[in-house]
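Peer 1: need a structure here:
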Amino acid sequence: MNKFSHIIGKSPALESVVRSAQMIAFSDVGILIKGPTGTGKEILATAIQQSGPRAEQPFIKINCAALPKGVIESELFGHKKGAFTGADTDKQGLLHAANQGTLFLDEIDALALPVQAKLLRFLETGECLPVGDTQTITLDVRVISATNSDLDDQINQGLFRSDLYFRLNIVPLELPALNERTEDIESLCTFYLQKFASKYGVQSAKFSTLSLKQLRSYSWPGNIRELKNLCERVSVLLPGKTLEPENIPKEFVSQLTVKHKRDISILPEAGISLDALEADLIHQALTRTNGNRSKSARLLGISRDTLLYRIQKHALGTR
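Peer 2: Residues are numbered from 1 along each chain as shown. Okay, here's the model as predicted:
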């Protein structure tokens, strides 16, 4: 069975990422999955793990941002009894629990610098040193990491180690935001409406052609997670109904209206230079985000790689 079939969509932006993920699933190469919140980074990591030779081995998932900074080292590497106040027994870390399998580190940018250094050593040597211990243990763990932050920006601020970034980022996979793959909205809606109809034992709702057109115009700040929540909402409130624009919740409609107004532009009689206009918009986006290229790309509705290409094209890095 194709484990990547759970990733819904046929847009070129998504298919490119999936093809790369399928190619590297059978290797242990370092993978860093990038993308805004709600784009499905954990789903992609799961598909990679289930498609590879470690599929039958442990798969441990951890959100680094969800753990207090004071305990994350112990959670990852384990600790010896008496290593700190409250360490009443020896504890096996998540790396040990994932031995022979895979560890997925989501929001890896939340790791403190000392923990980053320790993780880097593990990735380079396979050696794990529990807190309070003096003897390392050797483990065989594939590490897949993910982030919704601009790690280049974090490195520049001294918040993330560049050597760890290079070790994790051997194969980068960048999931596009939903507003960069609007052609997938219909298939995503169909999938989630059917899923929730089955879950709640009701007839599946359906979006009309006009409703889908409106949904494709929405900015989707919450990405697929926001679309999923919308589908669950209408499945419960309007089961079996063909959903027209008036059935779409007001917060979507109001933002749609604003977006349509912003899309209206008037071409001057004298014409314009598209290159100059593009360069100016990119410069404005970079200024507004204080140079954060991931956020700038989202403001412009393009991928980060496309933004980097166009920055180079217009020599904006020299401004």
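
Peer 1: mind pulling up the pLDDT for the spatially most central residue of the chain?
Peer 2: Nearest to the geometric centre of the chain sits Gly35, at 3.5 Å (Cα atoms, centre = their mean). What the model reports for Gly35 is a pLDDT of 93.

Peer 1: from Leu151, how far off is the residue nearest to it when sequence neighbours are not counted?
Peer 2: Leaving aside its sequence neighbours, Gly35 sits nearest to Leu175 (Cβ to Cβ, 6 or more residues apart in numbering; 3.4 Å). Quick note: C-beta positions are derived from backbone N, CA and C, even for glycine. Note on Leu175: its distance to Leu151, by Cβ to Cβ, to the nearest Å, is 15 Å.

Peer 1: can you pull out the helices in the stretch 101-250 of the chain?
Peer 2: Under the criterion DSSP state H, counting those that start in this stretch, helices of the stretch 101-250 of the chain are mapped to 113-125, 151-156, 162-168, 185-200, 209-217, 223-237, 250-263.

Peer 1: excluding chain neighbours, what is closest to Ala177?
Peer 2: Nearest to Ala177 is Pro36, by Cβ to Cβ, 6+ apart, at 5.1 Å.

Peer 1: what's the neighbour count on that neighbour?
Peer 2: Using other Cβ atoms under 10 Å, Pro36 is surrounded by 25 other residues.

Peer 1: that older thread, adding mean pLDDT, mean neighbour count and distance to Gly78, write the helices of the stretch 101-250 of the chain out as a markdown table.
Peer 2: What follows is the helices of the stretch 101-250 of the chain, written out as a markdown table (pLDDT from 0 to 100; neighbours: other Cβ atoms under 10 Å; distance: least, Cβ to Cβ, whole Å):
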| stretch | mean pLDDT | mean neighbour count | distance to Gly78 |
| --- | --- | --- | --- |
| helix 113-125 | 94 | 16 | 12 |
| helix 151-156 | 92 | 17 | 27 |
| helix 162-168 | 95 | 18 | 20 |
| helix 185-200 | 96 | 17 | 38 |
| helix 209-217 | 91 | 16 | 47 |
| helix 223-237 | 95 | 18 | 32 |
| helix 250-263 | 54 | 12 | 45 |
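
Peer 1: nearest to Ile62, out of the ones you listed?
Peer 2: Closest of these to Ile62 is helix 113-125, at 11.8 Å (criterion: Cβ to Cβ).

Peer 1: list the contacts of that closest one.
Peer 2: 30, 72-73, 76-77, 95, 111, 127-129, 139, 141, 143, 159-161, 163-164, 167-168 (Cβ atoms under 8 Å, 6 or more residues apart in numbering).

Peer 1: so how far is it from its chain's centroid?
Peer 2: 23 Å (Cα atoms, centre = their mean, to the nearest Å).

Peer 1: hang on, the residue nearest to Ala177 in a helix?
Peer 2: No. Using DSSP: H, G, I helix; E, B strand; the rest coil, the assignment for Pro36 is coil, not a helix.

Peer 1: wait, it touches Glu180, no?
Peer 2: No. Applying Cβ atoms under 8 Å as the test, Pro36 and Glu180 come out as separate, 9.7 Å apart.

Peer 1: what is the end-to-end distance of stretch 172-188?
Peer 2: 24 Å (Cα to Cα, to the nearest Å).

Peer 1: check which residues of that stretch are buried.
Peer 2: Residues 172-182, 184-185, 188 are the ones in stretch 172-188 that count as buried (16 or more other Cβ atoms under 10 Å).

Peer 1: mean confidence score for the helix or strand hosting Ser74?
Peer 2: Ser74 is part of helix 72-77 when elements are defined by DSSP states H and E. The average pLDDT for helix 72-77 rounds to 89.

Peer 1: which helix or strand lies directly C-terminal to it?
Peer 2: Using DSSP H and E, the first helix or strand after helix 72-77 is helix 94-97.

Peer 1: ok, back up a step: I figured the residue nearest to Gly35 was touching Glu42, is that so?
Peer 2: No. Taking contacts as Cβ under 8 Å, Leu175 lies outside contact range of Glu42: 10.6 Å.

Peer 1: which stretches of this structure have low pLDDT?
Peer 2: 1, 82, 253-269, 317-319 (pLDDT under 70).

Peer 1: what about Gln57, how many residues nearby?
Peer 2: 16.

Peer 1: contacting residues for Leu300?
Peer 2: 281-282, 285, 307.

Peer 1: and the two most separated of those?
Peer 2: Leu281 and Leu307 (10.8 Å).

Peer 1: higher neighbour count, those two?
Peer 2: Shown here are Leu281 and Leu307; by other Cβ under 10 Å, Leu307 has more neighbours (21 against 14).
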